[in-house]
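Asker: below are the sequence and a predicted model for it; my questions follow.
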Amino acid sequence: MRNSVLIILIATLTLCGIALAQETRSTNAKVFIEETNFDFGYIPGGEVVSHSYYLHSRGTDSLKILKVQPGCGCTKAPLKKDVVAVGDSANVELVFTSSKGGHGSVSKSATVTCNDNDRSNFQLTFRGKTYDYPDSLQPLTLSAATIKIDAKAKSKEAKLVVKNVSKSNVKMNLVSLPSDYLKIDVPDSEIKPGKEKEIKIRINPLVNDEEFKKSFTFAVNDSAGTRYTVPVLLTKSADVVQALPSPNKKAEGAQ
């Protein structure tokens, strides 16, 4: 009995190896990648953020994405399309869940295997810096770390208030967003020291998901090019989340 099971296991592994070898044999598939590394900037602790990397098929054979292997359990890589026709493109989304209560620099990666003979394996990477309190950031503070929108509400809109706590005028620009899900309106005028502006978040009216977790990233034109990534959740039972209290405010409330 044991010998039969062993023979079946060996045969199965052999067939899998043959299938993989057939997929990776010489082809004229070519992959072109717009970016392989992404900077999330500030990431709230204990939340989910994501970014899509676009892979373009530039050869004369279809590009086949055979595998996407994240480097750790905190990163997922859901793949909606694994065969990319010539001239078409597909996105590989990396979804990262940050540690709650932890803060500091993070760097993660995922290895992509495809049928491009010259680039059969390559890495997609990202980095960021987790934080605990959105009202303790620089040069902008945020009114909320995460935006939650009630799926049952008529209006699928929310606002994020940002305040310039630096000594110089700053300007924001949108870096990345999942346009299939979100519409983000970032003010194009400068924010003076001590002043506030609103970022408007709208759910794409074509979205029919009952719930989702996405994020968008914007940057500031300071010398460091500071970035902020804001998770946006569409959920069945939540309102827009208010800013988390700072440690000092917690202490004041306890007195």
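Answerer: The structure has been received and is ready for your questions.
Asker: for the chain, which spans come out with low pLDDT?
Answerer: 1-26, 102, 237-255 (pLDDT under 70).
Asker: what residue is smack in the middle of this protein?
Answerer: residue 50 (1.3 Å; Cα atoms, centre = their mean).
Asker: isn't it up against residue 215?
Answerer: Yes. Between residue 50 and residue 215 a contact is recorded at 5.7 Å, counting by Cβ atoms under 8 Å. For every residue, glycine as well, the C-beta is placed using N, CA and C.
Asker: list residues touching both of those two?
Answerer: residue 178 (Cβ atoms under 8 Å, 6 or more residues apart in numbering).
Asker: the residue nearest to the centre of the chain bridge partners, please.
Answerer: Counting by DSSP bridges, residue 50 is bridged to residue 95.
Asker: contacting residues for the closest residue to residue 49 other than its chain neighbours?
Answerer: Distances taken as Cβ to Cβ, 6 or more residues apart in numbering place residue 215 nearest to residue 49, at 4.2 Å, with adjacent residues excluded. Contacts here follow Cβ under 8 Å, 6+ apart; on that basis residue 215 touches 48-51, 178, 229-232.
Asker: again, but for residue 191
Answerer: So residue 191 contacts 140, 162-164, 169-172, 197 (Cβ under 8 Å, 6+ apart).
Asker: neighbours of residue 129, how many?
Answerer: Other residues within reach of residue 129, judged by other Cβ atoms under 10 Å, total 18.
Asker: got it, and the one 10 residues further on?
Answerer: Residue 139: 20 surrounding residues under other Cβ under 10 Å.
Asker: write the PyMOL selection for whichever of the contacts of residue 215 are buried.
Answerer: PyMOL command restricting these to the buried ones, with burial defined by 16 or more other Cβ atoms under 10 Å:
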select buried, resi 48+49+50+51+178+229+230+231+232
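Asker: can you put the contacts of residue 215 in CSV and add distance to residue 117?
Answerer: As requested, the contacts of residue 215 are exported to CSV (distance: Cβ to Cβ, whole Å):
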residue, distance to residue 117
48, 35
49, 34
50, 30
51, 27
178, 32
229, 35
230, 40
231, 39
232, 40
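Asker: ok so, going back, and the residue nearest to the centre of the chain, how far from residue 59?
Answerer: 28 Å (Cβ to Cβ, to the nearest Å).
Asker: and for residue 139?
Answerer: With Cβ to Cβ as the criterion, residue 139 and residue 59 are 45 Å apart.
Asker: likewise for residue 200?
Answerer: 41 Å.
Asker: please apply the same query to residue 208.
Answerer: 35 Å.
Asker: and the two? which has more neighbours close in?
Answerer: residue 59 (18 against 6).
Asker: next, the contact list for the more buried one, please.
Answerer: 27-30, 86, 116.
Asker: helix or strand: which one has it?
Answerer: Using DSSP states H and E, residue 59 sits in no helix or strand.
Asker: what does residue 107 give?
Answerer: Here residue 107 is assigned to strand 104-114, by DSSP H and E.
Asker: repeat for residue 129
Answerer: Counting by DSSP H and E, residue 129 is found in strand 121-131.
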